[in-house]
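*Asks:* give me a 3D structure for the following:
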Amino acid sequence: MPETEEQFIKRLVKENPSLEPVYTEHSKDYDGLLPHVFIADVARYCIANFERDKTPTSKILDFLNRAYYYGSNEVNELVAVSFFEHHGIDELIELPVGIAP
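*Replies:* Numbers count the residues shown, from 1 in each chain. Predicted coordinates for the structure are as follows:
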């Protein structure tokens, strides 16, 4: 069975503990999980924190890149629309890691 958006986000946060505060704040602000909004929050987190601490941000970007290429159609769309397109490739391309597309 393909991974759902919610399962993907739980795995993303579990494998990237630096996102736990982002997830907690998001859940509180929206009284639950809004997957596309949360992934946009993750993009803002990556952009804001890359210069300060590259390791967690690079790990998150690598995770999202793998999800984009190898994830379910639902997860692929979530990453493409809410991470890459929402913030524009121009902002994200400045981060020196291999990101899609």
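*Asks:* and stretch 18-37, how far out from the chain middle?
*Replies:* 12 Å (Cα atoms, centre = their mean, to the nearest Å).
*Asks:* what's in contact with it?
*Replies:* Stretch 18-37 is contacted by residues 5-6, 9, 12-13, 38, 41-42, 45, 49, 53, 56, 60, 78, 81-82 when judged by Cβ atoms under 8 Å, 6 or more residues apart in numbering. C-beta coordinates here come from the backbone N, C-alpha and C atoms, glycine included.
*Asks:* narrow those residues to those in helices?
*Replies:* Members of the contacts of stretch 18-37 lying in helices (criterion: DSSP state H): 5-6, 9, 12-13, 38, 41-42, 45, 49, 56, 60, 78.
*Asks:* in ChimeraX, select just the buried ones from those residues.
*Replies:* The buried subset of the ones in helices among the contacts of stretch 18-37, as determined by 16 or more other Cβ atoms under 10 Å, is captured in ChimeraX by this line:
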select :5,9,12,13,38,41,42,45,56,60,78
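*Asks:* lowest pLDDT pick from the contacts of stretch 18-37?
*Replies:* Note: of the contacts of stretch 18-37, the lowest pLDDT belongs to Asp53, at 76.
*Asks:* export the ones in helices among the contacts of stretch 18-37 to JSON lines and tack on distance to Tyr30?
*Replies:* Compiled in JSON lines, these are given as follows (distance: Cβ to Cβ, whole Å):
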{"residue": "Glu5", "distance to Tyr30": "14"}
{"residue": "Glu6", "distance to Tyr30": "13"}
{"residue": "Ile9", "distance to Tyr30": "13"}
{"residue": "Leu12", "distance to Tyr30": "17"}
{"residue": "Val13", "distance to Tyr30": "15"}
{"residue": "Phe38", "distance to Tyr30": "8"}
{"residue": "Asp41", "distance to Tyr30": "10"}
{"residue": "Val42", "distance to Tyr30": "14"}
{"residue": "Tyr45", "distance to Tyr30": "16"}
{"residue": "Asn49", "distance to Tyr30": "21"}
{"residue": "Pro56", "distance to Tyr30": "23"}
{"residue": "Ile60", "distance to Tyr30": "20"}
{"residue": "Leu78", "distance to Tyr30": "16"}
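*Asks:* cheers, nothing more for now.
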